[in-house]
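Asks: Predicted model and sequence below, questions to follow.
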Amino acid sequence: MFPPQFFMTPLEEATLNAHEFCASLAALAIVHDLVKKNDDLRLKKRDVPISGQTMTERKALITEIRRNNQALSIVAQLQEMQLGISA
């Protein structure tokens, strides 16, 4: 047999659309924050001199940048899978 079909009232559909819109705005804010953090970390890494005393600080900055890049990559992959949007 055929699977049951679900019908939504216009109010339920509008509510669902509003929730999707809010979730999209929240995701956009997270992506914006990650990009901003990466920019700040790259500037900070550039200011830290390369020496034996600052290598642990530079290593921590690079690790954080890579972690942010990985999170951005995951978001991009999700957008590509769900919406067909690719960079």
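Replies: Sure thing, it's come through. Residues are numbered from 1 along each chain as shown.
Asks: In this structure, where is pLDDT below threshold?
Replies: Along the chain, segments meeting pLDDT under 70 span 1-4, 86-87.
Asks: what about 90?
Replies: 1-8, 20, 23-24, 27, 46-56, 75-87 (pLDDT under 90).
Asks: Pull out the buried residues from the longest helix anywhere in it.
Replies: Taking DSSP state H as the assignment, the helix of the chain that covers the most residues is helix 10-47. Residues of helix 10-47 classed as buried by neighbour count (16 or more other C-beta atoms under 10 Å): 34, 38, 41. Every residue, glycine included, has its C-beta placed from N, CA and C.
Asks: which among those residues gets closest to residue 81?
Replies: Nearest to residue 81 among these: residue 34, at 19.1 Å, using C-beta to C-beta.
Asks: Next one: the closest one from residue 74, what distance?
Replies: Residue 34 sits 11 Å away from residue 74, going by C-beta to C-beta, to the nearest Å.
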